[in-house]
Structures are given as C-alpha cells and as structure tokens.
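# generate a structure from the sequence data that follows.
(2 chains)
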Number of protein chains: 2
Amino acid sequence: MAYKEQYPSALLTEAVEAISSLPGVGRRSALRLALHLLKQPAENVHHFTSAINDLRDGVRYCRCCRMISDDDICAICADKSRDQRTICVVESVRDVMSIEATGQYHGVYHVLGGIISPIAGVGPSDLTIKELTGRVNALEDPQKAEVILALSGDVEGETTAFYVYRQIEGSGVRVSTLARGLGFGDDLEYADSLTLGRSITNRQLFKP
Amino acid sequence: MAYKEQYPSALLTEAVEAISSLPGVGRRSALRLALHLLKQPAENVHHFTSAINDLRDGVRYCRCCRMISDDDICAICADKSRDQRTICVVESVRDVMSIEATGQYHGVYHVLGGIISPIAGVGPSDLTIKELTGRVNALEDPQKAEVILALSGDVEGETTAFYVYRQIEGSGVRVSTLARGLGFGDDLEYADSLTLGRSITNRQLFKP
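Predicted coordinates for the structure are as follows:
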C-alpha cells in the first residue's frame, strides 16, 4: 500500500506535488496532467510554463480601477464612451469579467482586491479602499455620480459594503447596491425562505 | 456577448489558453487557476513552473523496462528480490503504478509506451516491442519464464496483445493475460452480458 503515495521518480513526485497545489486539483488529476505533459513536445511544455511565468511577472494593474491591464490605464477606464461617473465596486478581477459578460453595465469599476475578513486576517488597509475614496473625492459634482456596491451577500460582503459606505457617505455621491431576490426562472418552491422573504419585502412595480 | 471570450489582458489570455490546453481543463477552470496563480507569491509560481520544466527536460526512462526512472535502471528492475523472469507488459507508466498499488505483483514490467491503433496512427514500430522481444530472447531457460499481457480489453488492446504474442511465441516463454470476469463485489444484475457470459464460460473451481 505504501507505493500508492510513491512515484517512480523524484522529478515526477516534485511535479505532481506542484500541480496538486492548485485549487481543486487532487493528486490523481495532478499525476494525469504530469504524465500528459511528459508526452508533449518539450517546446509545448516550455510555452505552457512561460505563459504562466510571463503572466505572474508581467501582470499590471490599472492605475485607476486596479483591474488587470496591459497598460497603465485599463481599456474600460480609458473608454470615453463609458459613464465615468458610475463606479461599480467589486471584490475581484473575476467579478469585473462576470459583470462585463452581461453586457448590461456601461460605467466603470473599482476592484477592492479582496473583502474584509477578520478570520482570514484581511483588514480595510489590505484593500484599495483609500484609492476608492480618493477617486470619489476627486469627482466633480458628486451628487450626479453613483457608487454601486456589488459585493457578495455574505457577512464579509455586507461588512465590507458597510465599511466602504461609511468612508464615502460624506462625499454626497449616491450609493446603491445590487438588487437581490429570486433569480429569473427560479421556482418559488425551491427558493430559500430568506431570499423569498426579501423578494416580497422589496417587491417591485409590475411592468408588463 | 463578445466580451465573454475576451480577457482584460493579453498576458492573461495567453496563460488561460496555455492552461486550458491541458486535458479536462476548460476555459473557466483555466481562468480560475490563472487568477489563483496571480495571487501567489512569485517564487511559488516559479517553483511550480520549474517543477514542470524539470520533469519534462530531466525525465529518464529505465533502459530495461522503459518505466520513468531517476536512474539508468529503475528501482523495480534493480530490485533483486523481485522475480526478473516474470515480465508484465503494459501500455503506460500509469499502468505500472496501478499494478504496484495493488501490492499483488512481484515480477518486473515492460512499458510499451502506447497501444497499436491505426486510427491514431500508432503502429508496432512506435512501441517498445523490439526491446521486449530482445529481453525475452535474452532470457535463460525461457520455458521457466512468463510474459503477462496486461493490456486493456478493447479492440486496440487485443490487437496489441495478439501482435506481441506473435512476436514472442517462438521463444518458448509462457504467455498469459489478465483474468477477466465480474469485479469483486459486483452485482450480477448490473453486469454487462458479455462479461457475465465470459465469467460463466471461464468459471473457476470454488475454493472456500
């Protein structure tokens, strides 16, 4: 049985350990991937590892919104056709991509780079909240601007939203948050009671 | 919708494309892994990519059985306590690891490095069949030796087994194959009829 966790080569062991350090990749999948890479031409494997090294070493973040960017200013912040007075505050780069994929949003973003979580040891100073307040305070006519707090609905998300709100409420900017309720196409029967209850409390005018 | 397939940075696009070239990794998982790697310290990422490069560039195969090995001769072939007159012929490195994990086998191996498949363009000369016949012909007292054809039960596996058999049958070595039948703990009701039929034809003496 001891062999189960053993590999026939130290190089293979190292590679399997490195690959299985990725989230969601177990040792079996890591072994499968390592053996797959072994079968590829060496230049394909080098291209694979260089692409990862290049990303890690060459990545840049937009000076304005902290989104991943190839330039000093990202494509969204540089796009003058987008509403620069509506700032959508999100936790991560991925959230920007998710919202962009909807095609429904035409403002700009601010990536916090995380969420306040005392358990994970992440405090407000670890996030880009100072940069956000700087952006908000620099807005002309702040009462015509809007900050959308698009954070997750769990305790950390609500804590972060509340903290950000307290930092910017004095600026006169309008602060909004994402609509929450039943998903489109959702069945009442299977909705959790908290969501269903909030959907009734926050019911909207029927627009046929 | 166009944005769905777009990434905010060329470096990220390259990395996602490289990662999603792995088998079983889609673009969504690749993005998740790329963003995970971005959050890691640079030295961890470099360690990850070096482990893969080192494996690909430094890998060696046992001169005798073609198993992955750190040395010229693998640990199994070098182990004098193992039965060097019983050679288990398998398709891949992984099969060796699977059989070793059972703890039931004490002979040595021969890794073919693939299976004969006209559709995939793999012929006998792409495999290590010549090396196997060389090993078999070099055996002293071949009638006391055994070659186990431990190949898969599909058409390619059977074709390969038959081809290998024809190459070595003249040597006088005993040639065997894996037992096939119902798995231990299998329910008769759910067995496919081919397996069940073979299990009856090849029934064994009951040893209580």
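
# now the most centrally placed residue in chain A: closest residue in space, sequence neighbours ignored.
By CA atoms, centre = their mean, chain A has its centre lying nearest to A:Ser92, at 2.2 Å. Nearest residue to A:Ser92 in three dimensions, chain neighbours excluded: A:Val111, at 6.5 Å (CB to CB, 6 or more residues apart in numbering or on different chains). (Each C-beta comes from the backbone N, C-alpha and C, glycine too.)

# measure stretch A:197-208 end to end?
Start-to-end span of stretch A:197-208 (CA to CA, to the nearest Å) is 23 Å.

# hmm, who's touching that stretch?
A:Ala179, A:Arg180, A:Gly181, A:Leu182, A:Ala191 (CB atoms under 8 Å, 6 or more residues apart in numbering or on different chains).

# ditto for stretch A:121-129
Residues from elsewhere that reach stretch A:121-129, judged by CB under 8 Å, 6+ apart: A:Arg66, A:His110, A:Val111, A:Leu112, A:Gly113, A:Gly114, A:Ile115, A:Ile116, A:Thr160, A:Tyr163, A:Val164, A:Gln167.

# also stretch A:20-32?
The contact list for stretch A:20-32 (CB under 8 Å, 6+ apart) reads A:5, A:7, A:12, A:15-17, A:19, A:33, B:23-24, B:29, B:32-33, B:36-37, B:44, B:48, B:94, B:97.

# kindly recompute the last result at 7 Å.
For stretch A:20-32, contacts defined as CB atoms under 7 Å, 6 or more residues apart in numbering or on different chains pick out A:Val16, A:Ile19, B:Leu33, B:His36, B:Phe48.

# does the third one touch B:Ile19 like I think?
Which is B:Leu33. Yes - counting by CB atoms under 7 Å, B:Leu33 does reach B:Ile19; the two are 5.4 Å apart.

# let me know the secondary structure of A:Gly134.
Local secondary structure at A:Gly134 is given as helix here, using DSSP: H, G, I helix; E, B strand; the rest coil.

# number of nearby residues for it?
The number of residues packed around A:Gly134, counting by other CB atoms under 10 Å in any protein chain shown, is 10.

# distance of it relative to chain B?
From A:Gly134 across to chain B, the span is 22 Å (CB to the nearest CB, to the nearest Å).

# so which helix or strand takes in A:Ala101?
Counting by DSSP states H and E, the element that carries A:Ala101 is helix A:93-102.

# residues in contact with that helix?
Residues outside helix A:93-102 that contact it (CB under 7 Å, 6+ apart): A:Met67, A:Ile68, A:Cys88, A:Val90, A:Tyr105, A:Tyr109, A:Val111, A:Ala150, B:Tyr3, B:Lys4, B:Leu35.

# so which of these sit within strands?
Using DSSP state E, the subset of the contacts of helix A:93-102 located in strands is A:Ile68, A:Cys88, A:Val90, A:Tyr109, A:Val111.

# out of those residues, flag the one nearest to chain B.
Nearest to chain B out of the ones in strands among the contacts of helix A:93-102 is A:Ile68 (CB to the nearest CB; 4.8 Å).

# hmm, the closest one is touching B:Ser9, no?
Yes - in terms of CB under 7 Å, A:Ile68 counts as a neighbour of B:Ser9; the distance is 4.8 Å.

# and the next helix or strand past the longest helix seen in chain A?
Counting by DSSP state H, the longest helix found in chain A is helix A:42-58. Sequence-wise, the next helix or strand downstream of helix A:42-58 (DSSP H and E) is strand A:60-61.

# ok so, going back, what pLDDT does the residue nearest to the centre of chain A get?
Model confidence at A:Ser92, given as pLDDT, is 93.

# now do A:Ala2
A:Ala2 is given a pLDDT of 39.

# and the helix or strand of chain A with the lowest mean pLDDT, how far from the chain's centre?
Least confident helix or strand, chain A: helix A:193-201 with a mean of 83, by mean pLDDT, DSSP states H and E. The chain centroid and the centroid of helix A:193-201 are separated by 26 Å under CA atoms, centre = their mean, to the nearest Å.

# thanks a lot, catch you later.
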